Each structure stands twice: as C-alpha cells, then as structure tokens.
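Asks: My questions are about this predicted structure, shown below with the sequence.
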Amino acid sequence: MTAVTGKNPYERYRDLAAELGEPFATRVDAKADAKQKAALSKLSPEQVSSKELAGEPIKAILSRAPGNDQAIGGLKVVTENGWFAARPSGTEDIYKIYAESFKGEEHLQRLVQEAQALVNSAIA
C-alpha cells in the first residue's frame, strides 16, 4: 500500500476518516437462551418489519454475506450512517451485537438500543 500510495496504512486510514467521518464502534452482549439463539441464527430479512433504525431509513437487511452469499448466522441492518450485526454466541447463552456509527457516540448508543429491541422482538 505504501509503495503504491506513498502513505502508510495509518495515514490512509486518517485520510478516509477525514473524508467519510470518524467511526464509533462497539460490541454488546445480550442474554439469549438456546431457543432464542437458534431463532436468531435463522432470521431472514423478511422477518424484520422495522423501516428505520436510529432515526434513519434502513437501506439493507442481510442474513447472507454479499460477497459469497454464505449465511452469516445472524442479521445485519444497514443505514446511511451506521449499521449493526447480531449473531448468537456459539459457547455462551448470549447473542452479540456489533455496531458502528459515523455520526458519533450518541448515535452509536441509539443504534445499539434499537438493535437490541429489534432482535429481542424478532426472536421472542
């Protein structure tokens, strides 16, 4: 990368963050029994009725990876300025929510709260 662009990976990252916004990310664990984890791993985009997340329209709801069409074992919901993915743990009675926002920490926390409510509703 450095040979082609003249910038090291960190410098390139800083350029991208300046252009696209600084990302804020987190991972949160939420309790889930075996039945709920199984339901989460089999969720389809059609089972999600929400049209917006954290005040933004939902652009995509995925249960398969776009690159190779393989099941992701959970769900990913994408908006213009953020996303979350929820997947059941293979070893604990929890599911994990991964989230990222390009609007700041407050938006990130709203994403996580709404993601947890959305997932809990879908696997209840």
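Replies: Done, it's in.

Asks: check contacts around the closest residue to T79 other than its chain neighbours.
Replies: Nearest residue to T79 in three dimensions, chain neighbours excluded: E56, at 4.0 Å (Cβ to Cβ, 6 or more residues apart in numbering). The way it works is simple: take the backbone N, C-alpha and C, and place the C-beta from them, glycine included. Remark: with contacts taken as Cβ atoms under 8 Å, 6 or more residues apart in numbering, E56 is in contact with 79-82.

Asks: State the pLDDT value of E56.
Replies: Note on E56: pLDDT of 96.

Asks: swap in G21?
Replies: According to the predicted model, the pLDDT of G21 comes to 82.

Asks: rewinding a little: beta partners of the residue nearest to T79?
Replies: Listed by DSSP bridges, the beta-bridge partners for E56 are L53.

Asks: mind checking how far it is from P66?
Replies: For E56, the distance to P66 (Cβ to Cβ, to the nearest Å) stands at 20 Å.

Asks: And the spatially most central residue of the chain, how far from P66?
Replies: Nearest to the mean C-alpha position of the chain, counting by Cα atoms, centre = their mean, stands F84 at 1.8 Å. Between F84 and P66 the computed distance is 16 Å (Cβ to Cβ).

Asks: related to what we said a few turns ago, of the contacts of E56, just say which sits nearest to R27.
Replies: Comparing the contacts of E56 against R27 with Cβ to Cβ picks out G82 as the nearest, at 14.3 Å.
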